[in-house]
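S.K.: Have a look; sequence and predicted model below, questions after that.
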Amino acid sequence: MPADETSSPGAPAHPAYDAVIVGGGHNGLVAAAYLARAGQSVLVLERLGSTGGAAVSTRPFEGIDARLSRYSYLVSLLPQKIVRELGLDFAVRKRTVSSYTPTVRGGRATGLLVGGDGTRESFAALTGDDREYEAWQRFYGMTGRVAERVFPTLTEPLPAREDLRTRVDDADAWRMLFEEPIGVAVEENFADDLVRGVVLTDALIGTFADAHDPSLLQNRCFLYHVIGNSTGDWDVPVGGMGALTDALAGAARAAGAEIRVLHEATRIETDGTRAEVTVRSPDGEHVVGARRVLVNASPQALAELLGEEPPARAEGAQLKVNMLLTRLPRLRDHSVDPHRAFAGTFHIAEGYEQLATAHREAAAGRPPGAPPSEIYCHSLTDPSILGPDLAARGYQTLTLFGLHTPARLFAADNRATREALLGATLAELDAHLEEPVTECLALDADGRPCIEAKTPLDLERDLRLPGGHIFHRDLSFPYATVETGRWGVETAHANVLLCGAGAVRGGGVSGVPGHNAAMAALGR
């Protein structure tokens, strides 16, 4: 492996590496593996004590053998092409249920169960006939056809807008997804408030927007949530999200990449053909030379490293809660077993009007009175993340993702607002349970309930996500504009590439920006 070279900043030395990658999250590891397999010398610099970034598995509860996907938790956008080409020992597992949404109709607890046997019957029981079910089939048949056409383009050079439109080859689909607010399509296709809300949620994950926002930010979010692997399925990573990033780190090392943890890049200087990266490590500060630098961090962090004017500050809008339960709670809707209800995405306070009200309240600077959220139970699909004793005793993990909670709500008092919002969110869940979920919480080795909550400000502190934004910045449509390069990873500097979630076609656990930055670096 090449040795580090030191020199004075401002005078780029002869490159010691073909590529230095700043940040050892999953996209940086993908780029490292591709470049090293192409015969390039690669150094990955990771600020934290381990690789993985937000795609990690950890034991957050003291003395408890449960490895939770602490931040990101489901997989849809990771192309099998990347898994196959890098030879990753990594698998996902299908969930038996897509979603369950509890509600009260006519004073009776009921709900909508989607996926598996009984979907049609569940729609009919909720709405009284088959019209909403048939509309659901038509609408998601349309998104499925779009997914088959759009998803393969994510690992190709960026298509022009008209080229992508031609590829979609469906004027109505293009209008609904790319040209007018998704709220129009939701209201055109569905009549039931609850069904409308279930559809809209895919437009709001990590995105603070109204269904009719003229910016179409919600459309961009919706698109990425329905095109994954040409199906839109959101699958469970076997062994937790850390299984993916461990496999990626192994693939990068096996190909010859060098990975250094506790090494923080603090500055990048470049003349367009050679670069120097200043690195802070436990041994002090030194400078590494490189032909090119790939930055697996936010556009804001990239600007800071280059000493340039940062872009407008991003803002995250989610509450992330991890829990470990001794058992699943009983439901007020006795028609569905909790093991089926929690096997998919469990929607809470996500009716269409509820989502609109929550957005209005948060936009006015108030935490939503009925916070919308959704829950996923990893251990029902993949119990391997639990120690054998916990699994044998029926313990389960729950991950809750709250919507419409922008970072601005926590600015005055992050801790107090977090606790108040967590309480209100759990109260919305409890409204559909026969017992408070807190009564099902396991206790850690010190006797504390196994529950943790993370606000956007917490994510900014822990992971340096700007404003806690899980996509680093607002998502973009997956086509070229005057501001994008050939792959959507290019910057103003010819030998500096952005390989993180803030690249065009970034966001989510996909590896796509890492793949595309590697292809750009290799001139493919």
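M.R.: Received, thanks.

S.K.: Below-threshold pLDDT in this protein: ranges please.
M.R.: 1-15 (pLDDT under 70).

S.K.: For the stretch 201-350 of the chain, just list every one of the strands.
M.R.: Here the stretch 201-350 of the chain has its strands, by DSSP state E, counting those that start in this stretch, at 236-237, 258-261, 264-270, 275-281, 284-295, 319-325, 345-348.

S.K.: do the same with the stretch 351-500 of the chain
M.R.: Applying DSSP E, counting those that start in this stretch to the stretch 351-500 of the chain gives strands spanning 373-376, 396-402, 451-454, 496-498.

S.K.: Among those, show me which one is buried the most.
M.R.: Across these, averaging neighbours per residue (mean count of other C-beta atoms under 10 Å) puts strand 496-498 on top, at a mean of 26. Quick note: C-beta positions are derived from backbone N, CA and C, even for glycine.

S.K.: Report all helices and strands that that one contacts.
M.R.: When contacts are defined as 3 or more C-beta pairs under 8 Å, 6 or more residues apart in numbering; DSSP states H and E, strand 496-498 sits against strand 284-295, helix 299-306, helix 512-521.

S.K.: picking up where we left off before, most tightly packed of the strands of the stretch 201-350 of the chain?
M.R.: strand 236-237 (a mean of 26).

S.K.: chain center to that one, what's the gap?
M.R.: Here strand 236-237 shows a centroid-to-chain-centroid distance of 13 Å under the convention C-alpha atoms, centre = their mean, to the nearest Å.

S.K.: Using CSV, list the CA coordinates for stretch 370-386.
M.R.: Coordinates of each C-alpha in stretch 370-386 appear next as CSV, following Å, rounded to 0.1, in the frame of the first residue of the first chain:
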residue,chain,number,x,y,z
ALA,A,370,-51.4,13.9,16.6
PRO,A,371,-47.9,13.0,15.3
PRO,A,372,-47.9,10.7,12.3
SER,A,373,-45.5,7.8,12.3
GLU,A,374,-44.9,4.2,11.1
ILE,A,375,-43.5,1.2,12.8
TYR,A,376,-41.5,-1.8,11.5
CYS,A,377,-40.6,-5.0,13.3
HIS,A,378,-37.3,-6.4,12.0
SER,A,379,-37.2,-9.4,14.3
LEU,A,380,-40.5,-10.9,12.9
THR,A,381,-38.9,-11.3,9.5
ASP,A,382,-35.3,-11.8,10.7
PRO,A,383,-34.8,-12.9,14.3
SER,A,384,-31.1,-13.4,13.8
ILE,A,385,-30.5,-9.9,15.2
LEU,A,386,-31.6,-11.1,18.6
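
S.K.: chain center to it, what's the gap?
M.R.: Worked out by C-alpha atoms, centre = their mean, stretch 370-386 lies 15 Å from the chain centre.

S.K.: What of stretch 212-225?
M.R.: On C-alpha atoms, centre = their mean, the centre of stretch 212-225 falls 15 Å from that of its chain.

S.K.: Out of the strands of the stretch 351-500 of the chain, flag the one nearest Arg280.
M.R.: strand 496-498 (19.3 Å; C-beta to C-beta).

S.K.: which residues are in contact with the closest one?
M.R.: Strand 496-498 has contacts (C-beta atoms under 8 Å, 6 or more residues apart in numbering) with 268, 270, 275, 292-295, 299, 302, 306, 489-491, 513, 517, 520-521.

S.K.: one more time with 7 Å, if that's ok
M.R.: Applying C-beta atoms under 7 Å, 6 or more residues apart in numbering, the contact partners of strand 496-498 are 268, 270, 275, 292-295, 299, 302, 489-491, 517, 520-521.

S.K.: next one: stretch 214-222
M.R.: 177-178, 181-182, 202-205, 207, 209, 211, 474-477.

S.K.: which two in those residues are spaced the farthest apart?
M.R.: Farthest apart among the contacts of stretch 214-222 by C-beta to C-beta are Ala211 and Ser476. That separation is 19.7 Å.

S.K.: what about the helices and strands packed on strand 496-498, which gets the closest to Tyr140?
M.R.: Nearest to Tyr140, of those and by C-beta to C-beta, is helix 512-521 at 22.8 Å.

S.K.: ok now the closest one, how far from the chain's centre?
M.R.: 19 Å.

S.K.: by contact count, what packs against that helix?
M.R.: Contacting helix 512-521 under the criterion 3 or more C-beta pairs under 7 Å, 6 or more residues apart in numbering; DSSP states H and E are the following elements: helix 26-37, strand 284-295, strand 496-498.

S.K.: Who are the contact partners of the nearest residue to Val437 once chain neighbours are set aside?
M.R.: Spatial nearest neighbour of Val437, excluding adjacent residues (C-beta to C-beta, 6 or more residues apart in numbering): Pro329 at 5.2 Å. Going by C-beta under 7 Å, 6+ apart, Pro329 touches Pro338, Leu433, Glu435, Val437, Cys440.

S.K.: show me where the stretch 351-500 of the chain has helices.
M.R.: With DSSP state H, counting those that start in this stretch, the ranges of helices along the stretch 351-500 of the chain come out as 352-363, 378-381, 388-392, 414-430, 456-463.

S.K.: What's the local residue count around the nearest residue in space to Gly24 that is not next to it in sequence?
M.R.: Computed as C-beta to C-beta, 6+ apart, the closest residue to Gly24 that is not its neighbour in sequence is Glu46, at 3.3 Å. Counted with other C-beta atoms under 10 Å, the neighbours of Glu46 add up to 25.
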